[in-house]
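Engineer: Below is the structure, and that's it, no one-letter string:
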């Protein structure tokens with residue numbers, strides 16, 4: 001049931017973004033809040049799974065540290081305009097979503113490599129895209 005809810009919420013996020021772009025209703029507020037909502041969904045799922053001992057706490061901490069840090073950073077520099085999501089950031093979010101989603105499913109133990117492969121790529125992208133955000137801002141200031 002939790003995976004179904006998670007999946008539906010992910011689809012509504014995709015549909016909302018597509019609708020905003022097609023109807024030319026993209027706003028600075030929406031550009032900022034959409035990734036915050038994504039982080040809240042993924043973060044709450046990781047925390048819940050970690051509490052149930054179905055997801056490693058250290059991964060939850062690494063990802064949440066980066067996500068909260070970059071969100072606070074974006075708030076601080078918002079005076080210079082909204083920092084749009086990068087392709088790396090979007091790929092990171094996709095890998096996080098799939099990686100966390102696979103941990104929700106009752107997969108057999110022999111498929112552990114599969115879910116850990118996704119989440120490993122997500123961790124690498126989480127760290128590198130965070131670095132890229134900071135580097136991009138530093139070079140443009």
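Structural biologist: Okay, I see it. Keep in mind it's a predicted model, so treat the numbers as computed, not measured.
Engineer: What about residue 116, how many residues nearby?
Structural biologist: Look at residue 116: counted by other Cβ atoms under 10 Å, it has 15 neighbours. In this view, the C-beta of every residue, glycine as well, is placed from N, C-alpha and C.
Engineer: And it, how close does it get to residue 140?
Structural biologist: For residue 116, the distance to residue 140 (Cβ to Cβ, to the nearest Å) stands at 36 Å.
Engineer: and what of residue 105?
Structural biologist: 41 Å.
Engineer: Check residue 134 too.
Structural biologist: Applying Cβ to Cβ, the value for residue 134 to residue 140 is 11 Å.
Engineer: who has more neighbours, these two?
Structural biologist: Legend: neighbour count by other Cβ under 10 Å for residue 134 and residue 140, higher for residue 134 (13 against 9).
Engineer: Pretty sure that one sits against residue 72.
Structural biologist: No: contact criterion Cβ atoms under 8 Å: residue 134 and residue 72 do not qualify, at 12.0 Å.
Engineer: need the contact list for residue 101.
Structural biologist: Residues counted as contacts of residue 101 (Cβ atoms under 8 Å, 6 or more residues apart in numbering) are 3, 6, 7, 10, 45.
Engineer: quick one: which of these sit in helices?
Structural biologist: Members of the contacts of residue 101 lying in helices (criterion: DSSP state H): 3, 6, 7, 10, 45.
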